[in-house]
Every structure is written in structure tokens, then in C-alpha cells.
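**Student:** no sequence for this one, just the structure:
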Ligand SMILES: C[S@@+](CC[C@H](N)C(=O)[O-])C[C@H]1O[C@@H](n2cnc3c(N)ncnc32)[C@H](O)[C@@H]1O
């Protein structure tokens with residue numbers, strides 16, 4: 001069983017998660033709001049990370065609602081001052097989730113880290129959801145980047161993806177997510193996939209520069225990618241006139257039947 005590839009309490013990882021939240025949160029908030037999320041809901045988030053969605057959920061559900069957020073490393077979640085929040089250290093692969101039932105059980109950018117267990121984790125999420133409640137998941141899929149231009153960008157990502165797979169990370173999970181959620185037996189889920197366009201020097205570019213820096217030594221040491229290839233890809237991210245694409249973001253949601 002692989003450990004999580006980053007350390008949430010490290011400064012660089014805090015900054016990476018912060019940037020990721022700024023990129024993803026507007027989309028995630030809009031998706032969750034469209035489910036009818038409102039005051040009084042009881043919510044559970046798996047792999048809450050830096051807690052940006054956790055804290056927002058606490059604000060939206062208010063004093064009459066509650067939020068439970070779990071993570072294998074809950075250090076950043078524990079910093080959230082919300083009174084309607086409970087935080088627990090949970091390895092979602094092997095441990096039980098907090099007792100529900102919840103109106104919303106969600107998870108973002110976490111299942112790809114525990115991909116072998118993803119169907120089992122989804123089953124736990126389903127069991128924690130009240131009849132009539134919602135399950136929402138969002139995961140990346142990096143398949144597109146392997147054919148994106150320029151060639152150095154695609155080459156770097158081919159190596160990074162192979163290295164990730166050797167670490168137990170499934171960076172092609174997005175496309176599998178709708179069928180995985182359908183396998184819960186609650187009917188056909190809704191699904192959408194978005195592809196951000198990335199321009200050098202923007203927030204999205206800085207995010208991927210940080211990813212490169214953080215994995216650089218380990219990825220090069222693995223032999224799946226070399227330093228000149230990574231440097232060429234990183235250079236692209238520093239060019240304000242360079243445009244490319246990288247990840248696809250797949251969101252899937254379903255309502256648990258009332259009976
Ligand atoms: C890429 S971060 C995403 C964080 C947050 N969900 C977001 O979208 O901003 C993945 C999170 O999953 C957590 N994680 C990884 N493996 C886990 C496991 N086995 N059980 C619980 N949490 C896990 C990590 O600690 C990290 O906070």
C-alpha cells in the first residue's frame with residue numbers, strides 16, 4: 001500500500017493545495033450549489049486537504065447544519081475555526097467513515113490517489129448518504145496531455161504519468177468515474193468533463209510549475225522522465241504567450257434513491 005505522495009503540512013504542499021483550490025473551487029462550488037446545498041445540510045468530505053471546500057461547506061450549511069471532514073493527514077483541516085465542523089484522521093482505504101447519514105457526501109481529487117480502493121471508497125460514501133441525499137465526486141484525467149502541443153510538454157507528462165502509476169496514482173481515473181458511480185446501483189449519474197486552457201505565467205501555469213518542482217527529484221530518479229524534458233516543459237509555463245492544455249476534470253453526481 002503506497003503512502004500519499006505529498007505532505008499536507010509542508011509549506012510547498014500547502015501552497016500547491018492553495019493554488020489548486022483557487023483554480024478548482026469556483027467550479028466545485030457551482031456544482032455543489034446546483035444540487036441544492038443549503039442551510040441545515042449535514043455534509044461529509046473525504047480527503048479534505050487544505051479545507052477550502054470544507055470551510056465553504058461550513059459557511060453554507062450554517063449553524064443548523066454540520067460538516068465532517070476526513071483526511072489521512074488532517075493537519076490543515078484542524079486549523080479551520082468553524083463551530084459546525086468535526087475533523088477526523090481517516091485512511092479512507094481501510095477505515096470507516098464518520099457515522100451518517102449525510103445529505104451530501106463528496107470528495108475531490110482524492111480517489112486517484114487511492115485508485116485500487118476507489119470502488120470500495122465509493123461504496124462507503126454511498127452507505128453514508130441518506131436516502132434522497134447526494135454523492136458528488138470530481139477527479140482529474142491526464143490522458144489529453146499526452147498528445148498536447150508542444151512535444152516537450154507531452155513528453156514530460158508521459159513520463160510523469162508513468163512515474164505516478166508506479167506510485168499507485170491513477171491519473172486516468174476521470175473517464176472511469178461515471179461507470180464507477182453507476183455501479184453503486186442508484187441509477188444513471190450525471191457527469192461533466194471540463195478542460196481548462198492553460199496560458200504561461202497564469203495561476204494554472206504556476207500550479208503545474210509547483211507540481212514539477214515538488215516531484216522533480218523523485219520523477220527523474222525513477223527514470224521515467226529526464227531533467228531536460230522537465231525543464232523544457234517548465235519553460236513553457238513561464239512564457240505568457242504559450243497556450244496548452246493539461247488535465248480534464250470530471251465531476252459525477254447522483255442522488256441516492258429515497259427507497
Ligand atoms: C490532491 S489532495 C486534494 C485535496 C482536496 N480534496 C482538494 O480538492 O483541494 C488529496 C488529498 O487526499 C488525502 N489522502 C490521500 N490518501 C488518503 C487516504 N488514504 N485516506 C484519506 N485521505 C487521503 C491527502 O492527504 C490530500 O489531502
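**Tutor:** Alright, I've got the coordinates. All values reported here derive from a predicted model rather than from experimental measurement. Residues are numbered from 1 along each chain as shown.

**Student:** where does residue 63 fall, secondary structure wise?
**Tutor:** Following DSSP states H and E, there is no helix or strand that holds residue 63.

**Student:** what about the spatially closest residue to it that is not a sequence neighbour, distance to residue 30?
**Tutor:** Setting aside the residues directly before and after it, residue 63 is nearest to residue 84 in space (C-beta to C-beta, 6 or more residues apart in numbering), at 6.1 Å. In this view, the C-beta of every residue, glycine as well, is placed from N, C-alpha and C. From residue 84 across to residue 30, the span is 22 Å (C-beta to C-beta, to the nearest Å).

**Student:** out of these two, which sits in the busier spot?
**Tutor:** residue 84 (17 against 10; other C-beta atoms under 10 Å).

**Student:** residues in contact with that one?
**Tutor:** 58, 61, 62, 63, 65, 66, 67 (C-beta atoms under 8 Å, 6 or more residues apart in numbering).

**Student:** go again with 7 Å.
**Tutor:** When contacts are counted by C-beta atoms under 7 Å, 6 or more residues apart in numbering, residue 84 touches 58, 61, 63, 65, 66, 67.

**Student:** drop anything exposed from the residues you listed.
**Tutor:** The neighbour-count test (16 or more other C-beta atoms under 10 Å) marks 58, 61, 65, 66, 67 as buried among the contacts of residue 84.

**Student:** ok, the second one touching residue 39?
**Tutor:** To tie it back to what came earlier, the one meant is residue 61. Yes - the pair residue 61 and residue 39 qualifies as a contact (C-beta atoms under 7 Å) at a distance of 6.0 Å.

**Student:** let me have the buried ones among the contacts of residue 84 in JSON lines, extended by secondary structure, pLDDT and distance to residue 92.
**Tutor:** Shown next, in JSON lines, are the buried ones among the contacts of residue 84 (DSSP: H, G, I helix; E, B strand; the rest coil; pLDDT from 0 to 100; distance: C-beta to C-beta, whole Å):
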{"residue": "58", "secondary structure": "helix", "pLDDT": "98", "distance to residue 92": "20"}
{"residue": "61", "secondary structure": "helix", "pLDDT": "98", "distance to residue 92": "22"}
{"residue": "65", "secondary structure": "coil", "pLDDT": "98", "distance to residue 92": "22"}
{"residue": "66", "secondary structure": "strand", "pLDDT": "98", "distance to residue 92": "19"}
{"residue": "67", "secondary structure": "strand", "pLDDT": "98", "distance to residue 92": "16"}
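
**Student:** how many neighbours does residue 206 have?
**Tutor:** Residue 206 is flanked by 17 other residues according to other C-beta under 10 Å.

**Student:** average model confidence for the helix or strand where it lies?
**Tutor:** Assigned by DSSP H and E, residue 206 belongs to helix 203-222. Averaged across helix 203-222, pLDDT comes to 92.

**Student:** who in the stretch 51-200 of the chain is up against the ligand?
**Tutor:** 52, 71-73, 90-93, 108-110, 113-114 (C-beta under 6 Å from any ligand atom).

**Student:** return the closest of these with respect to residue 140.
**Tutor:** Nearest to residue 140 out of these is residue 109 (C-beta to C-beta; 6.5 Å).
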